[in-house]
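Visitor: structure for the following, please:
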Amino acid sequence: QVQLVESGGGLVQAGGSLNLSCAASGRSFSSTAMAWFRQAPGMEREFVAVIRWSGVPSYADFVKGRFTISRDNAKNTMYLQMNSLKPEDTAVYFCAAQGTGVAGSKGFDYWGQGTQVTVSS
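Guide: Here you go, the predicted model:
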């Protein structure tokens with residue numbers, strides 16, 4: 001059974017940092033794209049960042065220069081280092097796996113349950 005489990009969320013003050021992890025089990029995703037999305041209350045789920053099987057990343061404009069996506073294929077784990085957090089970054093963050101790698105696309109086969117990130121002002 002394939003599972004994606006996010007961790008690392010929490011409450012942080014504006015300007016602070018968090019490092020999210022997405023641990024995959026059940027199969028290897030080293031040859032596919034993985035991504036992070038987020039969803040704030042009352043809003044649609046939106047694209048944050050994607051990392052292709054080659055390691056090449058793409059980011060949503062609103063996180064460029066602040067967030068860094070990475071992956072460790074040996075651990076079957078993806079990360080999102082979030083710096084200079086803003087209150088508007090508050091959302092549930094979801095990881096996704098097995099997609100096309102097209103920035104912005106929600107076409108992923110597997111999704112995690114999400115981890116809450118709250119940024120206080």
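Visitor: tell me which helix or strand the residue nearest to the spatial centre of the chain sits in.
Guide: Per C-alpha atoms, centre = their mean, the C-alpha nearest to the average position across the chain is that of residue 36, at 2.5 Å. Using DSSP states H and E, residue 36 falls within strand 33-39.
Visitor: strand partners of that strand, parallel vs antiparallel please.
Guide: Strand pairing for strand 33-39, determined by DSSP bridges: strand 46-51 (antiparallel), strand 91-99 (antiparallel).
Visitor: same list (those strands) but as a markdown table, adding distance to residue 21, mean pLDDT and mean neighbour count.
Guide: Just so you know, the C-beta spots here come from the backbone N, C-alpha and C atoms, and that holds for glycine as well. As requested, the strands paired with strand 33-39 are arranged in a markdown table below (distance: least, C-beta to C-beta, whole Å; pLDDT from 0 to 100; neighbours: other C-beta atoms under 10 Å):
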| stretch | distance to residue 21 | mean pLDDT | mean neighbour count |
| --- | --- | --- | --- |
| strand 46-51 | 13 | 97 | 21 |
| strand 91-99 | 9 | 95 | 22 |
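Visitor: before we move on, the earlier item: my read is that the residue nearest to the centre of the chain contacts residue 69, right?
Guide: Yes. Assessed by C-beta atoms under 8 Å, residue 36 is found in contact with residue 69 at 6.4 Å.
Visitor: give the residues shared as contacts by those two.
Guide: Counting by C-beta atoms under 8 Å, 6 or more residues apart in numbering, the contacts common to residue 36 and residue 69 are 49, 50, 78, 80.
Visitor: what's the farthest-apart pair in those?
Guide: Farthest pair in the shared contacts of residue 36 and residue 69 (C-beta to C-beta) is 50 and 80. Separation: 11.0 Å.
Visitor: quick check: neighbours shared by these two?
Guide: Among the neighbours of residue 50, those also in contact with residue 80 (C-beta under 8 Å, 6+ apart) are 36, 69.
Visitor: if I've got this straight, residue 69 is in a helix?
Guide: No. The assignment for residue 69 (DSSP: H, G, I helix; E, B strand; the rest coil) gives strand, which keeps it out of a helix.
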